[in-house]
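**Q** Just to be clear, the model below is a prediction. Sequence and coordinates:
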Amino acid sequence: MPSGILIIDKPAGWTSMDVCAKLRGAFHERRVGHAGTLDPMATGVLPVFLGRATRAVEFAGEGDKEYLAGLRLGTVTNTQDTTGEVLEERPPASREALEGVLDAFRGELEQVPPMYSAVKIGGKKLYELARKGREVERAPRRVTIRRLELLEGPSGPEGRDYLLRVGCSKGTYVRTLCHDIGQALGCGGCMCSLRRTMAAGFTLDQAVGLGQVLASEDPASLLLPVDAYFAGRPRRALSPAEEKKVRNGAPLPAPGIPEGEYLLYSQSGEFLALSRAEKGRLVTIKSFFAV
């Protein structure tokens, strides 16, 4: 069965799980997972892991992400984006005013998760409560905005729309960032578009359209290798005796090796495991060989 990573350029109108469901059928593989949910209105980089590569999802979801986000000033909605019900409309602030508040949103900050999100409180997803007209108190979460640039605008109806580049940590809600910027300006704001340009270290240059995958006679040819996510870490080829130990879950003696993460391979080049060097031993973090 195929194993590997597929970088999908997610189309608008699809959920991330919709994409995974389609790929299960295309590859005839039930083990399919993704790194980093995109809302249906969003497009762009969605790393999808198939087969044994799904073991890397837990690592891939932790990394930073980058987006091109449309900010619409003067409009407040119940979902913090333009898919929701409009609650307020006011004259938009100027570009100069917007530029003046952006610095306050760079670096570490606290975000309150939106009600229309999959965050669970008391065992219930917030969006399930929001659809019933309920609002509950949410604890703020610490996130980091590493990059926030104003690229374009004003444009659109009444000069309300701007384009931002946002580089951020895991767990950041870009629509909440747009909402909060609008609140800081006093005119309100919401997100009007979202395109993810980087996730899990993968970029749009590596992405393929879902239609291209579904139309391919050999979709497995589009897969990146299982170890692509871990690129840049040092590699070690193992002797047959060392390989046997790794396959049995045993640590390897490695005196004098610098501490850190290593990729372990068989003599034939098969990717076996992600390991960590500590106290003169190589200990497996996660195995990727076929059982």
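**A** Cool, the structure landed. Numbering: from 1, shown residues only.
**Q** What about E29, how many residues nearby?
**A** E29 has 16 neighbours, counted by other C-beta atoms under 10 Å. Yep, even glycine has a C-beta here, placed from its N, CA and C like the rest.
**Q** Could you verify that it is part of a helix?
**A** No. Applying DSSP: H, G, I helix; E, B strand; the rest coil, one finds E29 to be coil, outside a helix.
**Q** and it, how far is that from S193?
**A** Distance of E29 to S193, given as C-beta to C-beta, to the nearest Å: 32 Å.
**Q** Please apply the same query to A93.
**A** 19 Å.
**Q** where does the stretch 1-150 of the chain have low pLDDT?
**A** Scanning the stretch 1-150 of the chain for pLDDT under 70 picks out the ranges 115-138.
**Q** Tell me where it has helices.
**A** Secondary structure of the stretch 1-150 of the chain by DSSP state H, counting those that start in this stretch: the helices cover 16-27, 57-60, 95-102, 126-131.
**Q** In this model S268 seems to touch A237, though I could be wrong.
**A** No. Taking contact to mean C-beta atoms under 8 Å, the distance of 9.4 Å between A237 and S268 leaves them out of contact.
**Q** State the helix or strand in which T284 lies.
**A** If you go by DSSP states H and E, T284 is part of strand 281-287.
**Q** Give me the average confidence score over that strand.
**A** For strand 281-287, the mean per-residue pLDDT is 96.
**Q** May I see the buried residues of it?
**A** Buried residues in strand 281-287, counted by 16 or more other C-beta atoms under 10 Å: 282, 284, 287.
**Q** same question, stretch 57-74
**A** Neighbour-count burial for stretch 57-74 flags 57, 60-61, 63-74 (criterion: 16+ other C-beta under 10 Å).
**Q** Rebuild the helices of the stretch 1-150 of the chain as a markdown table, extending it with distance to R175.
**A** What follows is these, written out as a markdown table (distance: least, C-beta to C-beta, whole Å):
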| stretch | distance to R175 |
| --- | --- |
| helix 16-27 | 16 |
| helix 57-60 | 22 |
| helix 95-102 | 16 |
| helix 126-131 | 13 |
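**Q** nearest to R141, of these?
**A** With C-beta to C-beta as the measure, helix 126-131 is the member of the helices of the stretch 1-150 of the chain nearest R141 (12.6 Å).
**Q** Any idea how many residues pack against P91?
**A** Using other C-beta under 10 Å, P91 is surrounded by 10 other residues.
**Q** Please tell me how far it sits from V226.
**A** Separation of P91 from V226 (C-beta to C-beta): 53 Å.
**Q** Ok, I181 next?
**A** 40 Å.
**Q** So between the two, which is more surrounded?
**A** I181 (25 against 22).
**Q** Can you tell me the closest non-neighbouring residue to the more buried one?
**A** G189 (5.5 Å; C-beta to C-beta, 6 or more residues apart in numbering).
**Q** How is this protein partitioned into domains?
**A** Domain segmentation of the chain under automatic domain parsing yields 4-63+201-228, 65-199, 232-287.
**Q** count of neighbours near G249?
**A** 10.
**Q** shift numbering so it begins at 342
**A** That works, and once the first residue is 342, the last one we named lands at G590.
**Q** what sits against the closest residue to it other than its chain neighbours?
**A** Nearest in space to G590, with sequence neighbours left out and distances taken as C-beta to C-beta, 6+ apart, is T625 at 6.6 Å. Neighbouring residues of T625 by C-beta atoms under 8 Å, 6 or more residues apart in numbering: 587, 590, 592, 605, 614-616.
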